[in-house]
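> Sequence and computational prediction follow.
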Amino acid sequence: MNLKLSLLILLFISTFANAQQTITVKGSSFPATQEYTFICEKYAFSGEAKIQIAKTDKGGILKITITTANDKARIAGGLYVDLTNADVIACTDKNVKESADGTTTSYYYFTPAEWLKLKKTDIYAVRFIIAGGPDTFGNQTGYFTAYSKMNYFSTAFDKSKKTFDTAKEISVL
């Protein structure tokens, strides 16, 4: 009896340990990677951008979220995904956006060919534009780059990996 109970508890715990992340866009849910916190040094308001990648039937989706000072600020225009092999994926703005609780989120779509590139090569950086209203004390606007870094600072003696393994997680989806 104890063995059956132990196996049941182990199965229950393993189910939650392997829980899949999802992204919901326009009422549809897609399997996704974890949410990465990329470092965006030039964006003085928060210094970071949240990036998440999901797999769709026709390729994939990139979700980018930033914290904003006001409701007028949006991630607008095209977005570029720089890969570690110096390849660049250009994403066009399909105007799929959300804003809530001091954050703004935009979704960008990948073609099947671009999805194959993401499965093979890690993301180095994401370049995007923040547009907003003309307020004197409004949100910071302009062109920004969010880098795949785990920490702001490290020493020369630290030999651990300092970037996210995006290709590994994307290939599992």
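Yes, it's here.
> Excluding residues flanking it in the chain, which one is nearest the spatially most central residue of the chain?
Nearest to the mean C-alpha position of the chain, counting by C-alpha atoms, centre = their mean, stands I51 at 1.2 Å. Nearest non-adjacent residue to I51, counting by C-beta to C-beta, 6 or more residues apart in numbering: Y36, 4.6 Å away. To be clear about C-beta, it is placed using only N, CA and C from the backbone, and glycine gets the same treatment.
> And for the one you found, the neighbour number?
22 (other C-beta atoms under 10 Å).
> quick one: pLDDT of it?
Per-residue confidence (pLDDT) for Y36: 95.
> Contacts only, for it.
Counting by C-beta atoms under 8 Å, 6 or more residues apart in numbering, Y36 makes contact with 50-52, 148, 164, 166.
> And the residue nearest to the centre of the chain, how far from K149?
12 Å (C-beta to C-beta, to the nearest Å).
> Residues that sit against both of these two, list them.
The contact sets of I51 and K149 overlap at F38 (C-beta under 8 Å, 6+ apart).
> low-scoring stretches of this structure, by residue?
Counting by pLDDT under 70, the chain has low-confidence residues at 1-19, 133-139, 151-160.
> Can you list the residue ranges for strands in it?
Applying DSSP state E to the chain gives strands spanning 21-25, 28-32, 36-39, 48-56, 59-67, 74-83, 88-91, 97-100, 103-110, 123-131, 142-147.
> Just give me the neighbour total for the nearest residue to V126 once chain neighbours are set aside.
Leaving aside its chain neighbours, V126 sits nearest to A146 (4.9 Å; criterion: C-beta to C-beta, 6+ apart). Neighbourhood size, A146 [other C-beta under 10 Å]: 25.
> who's in contact with A146?
A146 neighbours (C-beta under 8 Å, 6+ apart): 38-40, 43, 48-49, 51, 64, 125-128.
> From those, list the buried ones, please.
38-40, 43, 48-49, 51, 64, 125-126, 128 (16 or more other C-beta atoms under 10 Å).
> Can you add distance to Y107 and give these back as TSV?
Formatted as TSV, those follow (distance: C-beta to C-beta, whole Å):
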residue	distance to Y107
F38	16
I39	21
C40	18
Y43	19
E48	18
A49	14
I51	12
I64	8
A125	18
V126	13
F128	12
